[in-house]
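> Sequence plus the predicted model coming up.
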Amino acid sequence: MIETAGSRITTIVRFSGLKPPYKKIPPQWLPAYEAHIRVVERQVAVVAAWVLLITVVFYQFTHELRLAYRPDLWLTELAFRTPVLLSALLTLLAHYTGKPMCRSLYLLRVMGLSVMTMILALFLVHYNGVSADTYQITSGMVISFFGVAILSVRGLREWWLLFALPLAIFALVAWARGLALTEMLPFIFDPLVMMVIGIVMSEALRQLRAGEFLARQQLREQATTDQLTGLLNRRAMHQLLQQEHARAQRYETRYSLILGDLDRFKRVNDRYGHNVGDIVLQETARRLGSHMRAQDALCRWGGEEILMLLPETGLEGAKQVAEKIRLSLSDEPILAGEHCVPQTISLGVTSCHGRDDIESAIKRADDALYQAKENGRNRTEAIASPCSGPVSPNIRPA
């Protein structure tokens, strides 16, 4: 299928040199999948921010209710919880003001790291080797580890950042304080098990999201793509024509159409068979696509008819493109298995202003194609738009 401008967008992922875990996603869909993941991250970040804001405030002011009141540690706990509250408030502020200061991915990372820092620091503050005294903070670790795992929308590389790094620092601080990890293990065993469960569930959700995305993309492609040639189908081209015509009206520019029809294609099917005819259509689509710009569109308009949309292109520029296309077929026969099939194409060209209408433009291209057929085939004919008037000077040559 002809590459669109969107499929050429490259995504830069900061912090980690690892490539995103897009093993199931075809390369041409990676930009769309990246956009989908960013939407998911934005939604997860907002929900997580509200949950953290409510939960952390609740835990800070309910010590007596939870039978864990330590007046001497109230300010210490508040100090460790403040970064969590600030990261949650920053996320909500960015969302509800519509002015994001950074990507949701980084907000999720900040929230996850602040939660891990808070809960591990509170464990070290409260830990005294007595099960009853450490029960409350251990329960908090279970909840926190599971929640942070769910924040890991992108999978493996996020787990290393959100879990491996904080736990490694935690182990070093505990060792520096003379605490034996083997003695602390019974208290952090349940949180570690919950961390593993959370990671497994996070990965399962990631795979489900990828599967749903693939299913939607496949349905969308089937609805807009000709299965034989991989080109856009007529329905998809109509949508692009409407968008381009609206843009031409808004900015007072023009676009051009090229309608092509393979000459005596029925003879190819009759002589070589429909399988060879299919190969000829596929190779025609490939050769035509090689002369298209990223912003151009190419569709299978009918059986052996091809329609090309050339935005911001005048009539002369479109005629040049049409001649390149014609020569790409006439100068080199098409190899189809053991057959060498000579194939030519006739082309009708027209341009369209914003004051024109789509149906009239298509009719002019069809009339020009008819002239090319009448004048001997394997040629290009053009009919200018009857609309006149100044045109924006940003017309680019095709």
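Sure, I can see it.
> use CA for all of it now, contacts and neighbours both
Fine.
> show me where pLDDT drops low in the stretch 251-398 of the chain?
Applying pLDDT under 70 to the stretch 251-398 of the chain flags residues 387-398.
> And the strands in it, which stretches?
For the stretch 251-398 of the chain, applying DSSP state E, counting those that start in this stretch gives strands covering 254-262, 297-300, 305-311, 334-336, 339-341, 345-353, 380-383.
> looking at these, which is buried most?
strand 345-353 (a mean of 29; mean count of other Cα atoms under 10 Å).
> by contact count, what packs against that one?
Other helices and strands packing on strand 345-353, by 3 or more Cα pairs under 8 Å, 6 or more residues apart in numbering; DSSP states H and E, are helix 234-251, strand 254-262, helix 315-330, helix 358-374, strand 380-383.
> Nearest to Leu165 among these would be which one?
With Cα to Cα, the closest approach to Leu165 among the helices and strands packed on strand 345-353 belongs to helix 234-251: 48.4 Å.
> buried set for that closest one?
Arg234, Ala236, Met237, Leu241, Glu244, His245, Arg247, Ala248 (16 or more other Cα atoms under 10 Å).
> Out of those residues, flag the one nearest to Gln43.
Taking the buried residues of helix 234-251 together and measuring to Gln43 by Cα to Cα, the closest member is Ala236, at 30.1 Å.
> Next one: the closest one from Met292, what distance?
17 Å (Cα to Cα, to the nearest Å).
> Need the buried residues of helix 234-251 in a markdown table (columns: pLDDT and distance to Glu359).
Formatted as a markdown table, those follow (pLDDT from 0 to 100; distance: Cα to Cα, whole Å):
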| residue | pLDDT | distance to Glu359 |
| --- | --- | --- |
| Arg234 | 90 | 13 |
| Ala236 | 89 | 15 |
| Met237 | 92 | 13 |
| Leu241 | 93 | 10 |
| Glu244 | 92 | 13 |
| His245 | 92 | 11 |
| Arg247 | 91 | 16 |
| Ala248 | 89 | 15 |
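> so how far is stretch 99-106 off the chain centroid?
Remark: stretch 99-106 is offset 17 Å from the chain centroid, using Cα atoms, centre = their mean, to the nearest Å.
> Repeat that for stretch 109-121.
On Cα atoms, centre = their mean, the centre of stretch 109-121 falls 29 Å from that of its chain.
> Give me the mean pLDDT for that stretch.
Confidence for stretch 109-121, expressed as mean pLDDT, is 95.
> Counting neighbours, which bits of that stretch end up buried?
For stretch 109-121, by 16+ other Cα under 10 Å, it's 109-121.
> Among these, which ones are in helices?
Residues of those located in helices (DSSP state H): 109-121.
> Reformat those residues as CSV; add distance to Phe145.
CSV is the format used below for those (distance: Cα to Cα, whole Å):
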residue, distance to Phe145
Arg109, 14
Val110, 15
Met111, 12
Gly112, 9
Leu113, 11
Ser114, 12
Val115, 9
Met116, 8
Thr117, 11
Met118, 11
Ile119, 9
Leu120, 10
Ala121, 14
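> wait, which of those is closest to Arg377?
Out of those, the member with the shortest distance to Arg377 (by Cα to Cα) is Arg109, at 63.1 Å.
> pretty sure that closest one contacts Phe163?
No: using Cα atoms under 8 Å, Arg109 is not in contact with Phe163; the gap is 10.9 Å.
> Name the nearest of the ones in helices among the buried residues of stretch 109-121 relative to Pro342.
The shortest gap between Pro342 and any of these belongs to Arg109, at 59.8 Å (Cα to Cα).
> how about the closest one, what does it touch?
Glu158, Leu162 (Cα atoms under 8 Å, 6 or more residues apart in numbering).
> That one and Ile143: what is the separation?
17 Å.
> next one: Leu75
Taking Cα to Cα, one finds Leu75 at 22 Å from Ile143.
> re the thing from before, how about TSV for the buried residues of helix 234-251, with distance to Ala149 added?
Formatted as TSV, the buried residues of helix 234-251 follow (distance: Cα to Cα, whole Å):
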residue	distance to Ala149
Arg234	46
Ala236	41
Met237	44
Leu241	46
Glu244	45
His245	48
Arg247	45
Ala248	49
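> tell me the two of the ones in helices among the buried residues of stretch 109-121 that are most distant?
Applying Cα to Cα across those, the maximum distance is between Arg109 and Ala121, 17.9 Å.
> Run through the stretch 1-150 of the chain and note the low-pLDDT ranges.
1-23, 66-69, 129-133.
> could you redo the last one with a cut-off of 80?
1-24, 28, 63-72, 100, 128-136 (pLDDT under 80).
> Name the nearest residue to Ser104, ignoring sequence neighbours.
Closest residue to Ser104 apart from its sequence neighbours, by Cα to Cα, 6 or more residues apart in numbering: Arg42 at 5.2 Å.
> element containing that neighbour?
helix 30-60 (DSSP states H and E).
> burial measure for Arg206, as a count.
19 (other Cα atoms under 10 Å).
> quick one: it from Leu165, how far?
22 Å.
> Mind putting the helices and strands packed on strand 345-353 into CSV with distance to Val173?
Converted to CSV, those look like this (distance: least, Cα to Cα, whole Å):
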stretch, distance to Val173
helix 234-251, 60
strand 254-262, 67
helix 315-330, 69
helix 358-374, 71
strand 380-383, 78
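> which strands and helices sit next to the longest helix that the chain contains?
In the chain, taking DSSP H as the definition, the longest helix is helix 181-224. On a contact count with 3+ Cα pairs under 8 Å, 6+ apart, helix 181-224 meets helix 131-151, helix 165-176, helix 234-251.
> between it and helix 131-151, how many degrees?
20 degrees (axes from the mean of the first three to the mean of the last three Cα atoms, to 10 degrees).
> Noted, bye for now.
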